[in-house]
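Student: coords please:
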Amino acid sequence: MKKLGIGILLGLVGLLLLSPFLLIGWGRGMLHDSEVPQRAELIPSAPKQKVLAIFPHPDDEVTVAGTVMGLKAAGHEVTLVCLTRGEKGNAAQIPSEEELARLRTAEMQQSAKTLGVDELIQLDYADGGIKALGMDSLKSVVYALIQTQKPDVLLSYDSKVGLYGHSDHMLIGKAVEEVFLGFRGSTDFAPKRLFQVTLSKKQIEVALKLSAGFQKNYPKDPEKGLPAPDFSIGTQSYFSRTLKVMQAHQTQKKVLQDLMPYHDQVPQWIYSRIFDREYFREVR
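Tutor: Numbers count the residues shown, from 1 in each chain. This is a model prediction of the structure:
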């Protein structure tokens, strides 16, 4: 009887020790598609290249934070562009758009510092007003940025959905893609590759269950949804700094909860092994 009791106790202890790893395995199975290839880095470590990441709002860079930090660790040069000051993203109920823009500009600067980018370019186009610019004008803005920065690689949103259906996201993705495809190969056009952030099929399924933004804006027709990823980048080693990037955007705390639900309730060493990669499509 005593041996049986010891055996049961040892079994319970073993189960307790194994349970975090069972949770990690379950979480990965819920979020990640095993058929999508994994890469250690976005581009080869050598030769050194210049990357230009173009997004519309402060906090959009969170979606590629681990990848950007990996690029910097590999010795590449990264410039981050934010086209608006995010004055319409009033999740924190700030009474003045001018004050919110000031706060979000400062948050973006802190985020860029945490990411370690070489340069942050903050422009002042109207948040939610990208459509009013018109595609031709938007493409001119993108083209001018590219011609000034002369990057080897471009990074932005996809052109179909803009990750979850935000029109500013989609229009920026579309403008960057059309400029890239229209001028690629020209003697005075430097970029040779364009990567768009996307999600795995399983991540989309989970987001549609948990994220109010996805539920409201994501296309109902799967054919009109996000482009399938070509690969994922492992980002676990940068997870603690990714959280700091998120925390820089205090006015968007409620919004970013959708991006990484329950991250403040699950031990970081477990969570970082579940949310351990970022997905991309390469435009060819």
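
Student: Now do the same contact list for the spatially closest residue to residue 166 that is not a sequence neighbour.
Tutor: In space, and not counting its chain neighbours, residue 166 is closest to residue 217: 6.4 Å by CB to CB, 6 or more residues apart in numbering. From N, CA and C alone the C-beta is placed, and that goes for glycine too. Residues near residue 217 by CB atoms under 8 Å, 6 or more residues apart in numbering: 164-166.

Student: Is there a neighbour count for residue 42? I'd like the number.
Tutor: 23 (other CB atoms under 10 Å).

Student: cool, and the one 4 residues further on?
Tutor: The local packing of residue 46 (other CB under 10 Å) involves 9 other residues.

Student: will you turn the contacts of residue 217 into TSV that also has pLDDT?
Tutor: Output for the contacts of residue 217, formatted as TSV (pLDDT from 0 to 100):
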residue	pLDDT
164	91
165	90
166	90
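
Student: quick check, nearest of the residues you listed to residue 102?
Tutor: Proximity of those to residue 102 was ranked by CB to CB; the top entry is residue 166 with 22.1 Å.

Student: What does that closest one show for phi and psi?
Tutor: phi -70, psi 130 (degrees, to the nearest 10).

Student: OK, contacts around it?
Tutor: Contacts here follow CB under 8 Å, 6+ apart; on that basis residue 166 touches 56, 213, 217.

Student: now stretch 213-225: mean pLDDT?
Tutor: For stretch 213-225, mean pLDDT rounds to 89.

Student: Helix, strand, or coil at residue 233?
Tutor: strand (DSSP: H, G, I helix; E, B strand; the rest coil).

Student: go on, residue 80?
Tutor: Assignment for residue 80 (three-state DSSP): strand.

Student: low-scoring pLDDT stretches of this structure, where are they?
Tutor: Per-residue confidence for the chain (pLDDT under 70) gives these ranges: 1-18.

Student: all strands of it, in order?
Tutor: Along the chain, counting by DSSP state E, strands occupy 38-39, 50-55, 77-84, 119-125, 153-157, 193-198, 231-234, 277-283.

Student: how about the contacts of residue 217 in CSV, adding distance to residue 150?
Tutor: Conversion of the contacts of residue 217 to CSV gives the following (distance: CB to CB, whole Å):
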residue, distance to residue 150
164, 31
165, 32
166, 29
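
Student: tell me which of the residues you listed is nearest to residue 229?
Tutor: Here the nearest of those to residue 229, counting by CB to CB, is residue 164; it sits at 15.1 Å.

Student: The closest one touches residue 207, doesn't it?
Tutor: Yes. Between residue 164 and residue 207 there is a contact at 7.1 Å, judged by CB atoms under 8 Å.

Student: Spatially, what comes nearest to residue 32 if we skip its sequence neighbours?
Tutor: Ranked by CB to CB, 6+ apart and with sequence neighbours excluded, the top spatial neighbour of residue 32 is residue 200, at 5.7 Å.

Student: repeat for residue 193
Tutor: residue 153 (4.9 Å).

Student: Run through the residues that contact the one you found.
Tutor: Here residue 153 is in contact with 42-43, 49-52, 191-195 (CB under 8 Å, 6+ apart).

Student: quick one: residue 216 from residue 126, how far?
Tutor: Taking CB to CB, to the nearest Å as the measure, residue 216 falls 21 Å from residue 126.

Student: Look at the two and report which has more neighbours.
Tutor: Neighbours per residue, other CB under 10 Å: of residue 216 and residue 126, the larger number sits with residue 126, 15 against 9.

Student: That one and residue 65, how far apart?
Tutor: As judged by CB to CB, residue 126 and residue 65 stand 25 Å apart.

Student: what about residue 115, how many residues close to it?
Tutor: 26.

Student: meant to ask about residue 148
Tutor: Residue 148: 11 neighbours (other CB under 10 Å).

Student: So which of residue 164 and residue 207 has more stuff around it?
Tutor: Each of residue 164 and residue 207 has its neighbours counted (other CB under 10 Å); residue 164 has more, 24 against 21.
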